[in-house]
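Chemist: Take this sequence and fold it.
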Amino acid sequence: MAITKELVLYYQPEEEKKSGNDSKAAKLKAVLIRMGIRIRNISSDQINQTVGYLAGMEGFDETALEACPPVEEEILVMKNFSNRRVDELLLNIRRAGVPKVQLKAVITDTNCKWRFYDLYEELKQEHEAMSNIPKS
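Modeler: I've put the predicted structure just below:
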């Protein structure tokens, strides 16, 4: 039985990187390292590639696609995580005092075929819809 390694695709907006405010990213990466989770930083040049390619999945190749508009928000995408490990990761992130990453996803059979930018758009829409639900 093959061991499936957990992987996080992490995108940090260029603006945040340039500002020198990397403490959030450093804390997040420290949590991932402590948990034995591999990290793949996604650059703005890569957001037009498929999620499957960026995650190193079989059957996905780099493609020459048109450029995408800039992504202004941080994104965390998880590969090969059980529900328990997702919960554990989110708890450890919170315990480490890492400010909340609003846009998070788990790679699925469907979204692995999407461009990273399209996943961002979907997550943004979902987040906005969920944020507008009145709390009871």
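Chemist: Give me the next element, helix or strand, following the lowest-mean-pLDDT helix or strand in the chain.
Modeler: Between all helices and strands in the chain, the lowest mean by mean pLDDT, DSSP states H and E belongs to helix 14-19, at a mean of 71. Read in the C-terminal direction, the helix or strand following helix 14-19 is helix 23-34, with elements assigned using DSSP states H and E.
Chemist: in that next one, what counts as buried?
Modeler: Counting neighbours by 16 or more other CB atoms under 10 Å, one finds that the buried residues in helix 23-34 are 24, 25, 28, 29, 31, 32. Any C-beta I mention is one placed from the backbone N, CA and C, and that applies to glycine too.
Chemist: would you turn these into a markdown table with distance to residue 51 and pLDDT?
Modeler: Supplementary listing: those in a markdown table, determined by distance: CB to CB, whole Å; pLDDT from 0 to 100:
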| residue | distance to residue 51 | pLDDT |
| --- | --- | --- |
| 24 | 23 | 86 |
| 25 | 20 | 89 |
| 28 | 19 | 94 |
| 29 | 20 | 94 |
| 31 | 22 | 97 |
| 32 | 18 | 97 |
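Chemist: Closest one of those to residue 53?
Modeler: Proximity of the buried residues of helix 23-34 to residue 53, judged by CB to CB, is greatest for residue 32, which lies at 20.8 Å.
Chemist: and that closest one, what does it touch?
Modeler: 8, 38, 39, 89 (CB atoms under 8 Å, 6 or more residues apart in numbering).
Chemist: for residue 40, same thing?
Modeler: Neighbouring residues of residue 40 by CB under 8 Å, 6+ apart: 7, 8, 9, 10, 54, 55, 56.
Chemist: Surely it forms part of a helix?
Modeler: No. Secondary structure assignment places residue 40 outside any helix; it is strand (DSSP: H, G, I helix; E, B strand; the rest coil).
Chemist: where's it relative to residue 131, distance?
Modeler: 28 Å (CB to CB, to the nearest Å).
Chemist: do residue 64 as well
Modeler: Distance from residue 64 to residue 131, counting by CB to CB: 36 Å.
Chemist: repeat for residue 54
Modeler: 27 Å.
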